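Colleague: Quick check, what structure comes out for this input:
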Amino acid sequence: MASLSEEAAAAGNSQQELGADFVVHSDIPSSSKQFKNEEDSKEERKENKDSKEEKLKSTLLLSGAVLAVIGAVVAMVKKRKDA
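Modeller: Okay, the predicted model is just below:
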């Protein structure tokens, strides 16, 4: 009859053999809370992307308006000098 320590060692070896094939994927959410947090972070990134695009559009429109006003002022000054 095997001793208790030998049985534990044999059980430990079999568990190690089974555990050797077990792979943990850290990129897959393991709980609903992690899944929700990942979904929230995806939405935040999408909102940030949208806000960046909106910021770029508004900056370009403002720049165009400023250039148009400056061009009009320069044209008026030039016309006044000629007259």
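Colleague: So which residues of the chain form helices?
Modeller: 4-20, 32-82 (DSSP state H).
Colleague: Please report the number of neighbouring residues for residue 43.
Modeller: Residue 43 sits with 10 neighbouring residues when counted by other Cβ atoms under 10 Å. For every residue, glycine as well, the C-beta is placed using N, CA and C.
Colleague: Also the one 4 residues further on?
Modeller: One way to gauge burial is a neighbour count; for residue 47, by other Cβ under 10 Å, it gives 10.
Colleague: For it, give its distance to residue 58.
Modeller: 16 Å (Cβ to Cβ, to the nearest Å).
Colleague: Kindly report the same for residue 80.
Modeller: With Cβ to Cβ as the criterion, residue 80 and residue 58 are 33 Å apart.
Colleague: if we can go back for a sec, redo the helices of the chain as a markdown table? Include mean pLDDT.
Modeller: Formatted as a markdown table, the helices of the chain follow (pLDDT from 0 to 100):
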| stretch | mean pLDDT |
| --- | --- |
| helix 4-20 | 57 |
| helix 32-82 | 88 |
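Colleague: And for residue 38, the neighbour number?
Modeller: Neighbours around residue 38, by other Cβ under 10 Å: 13.
Colleague: ok, now how distant is it from residue 60?
Modeller: 33 Å.
Colleague: cool, residue 40 as well?
Modeller: For residue 40 relative to residue 60 (Cβ to Cβ), the value is 31 Å.
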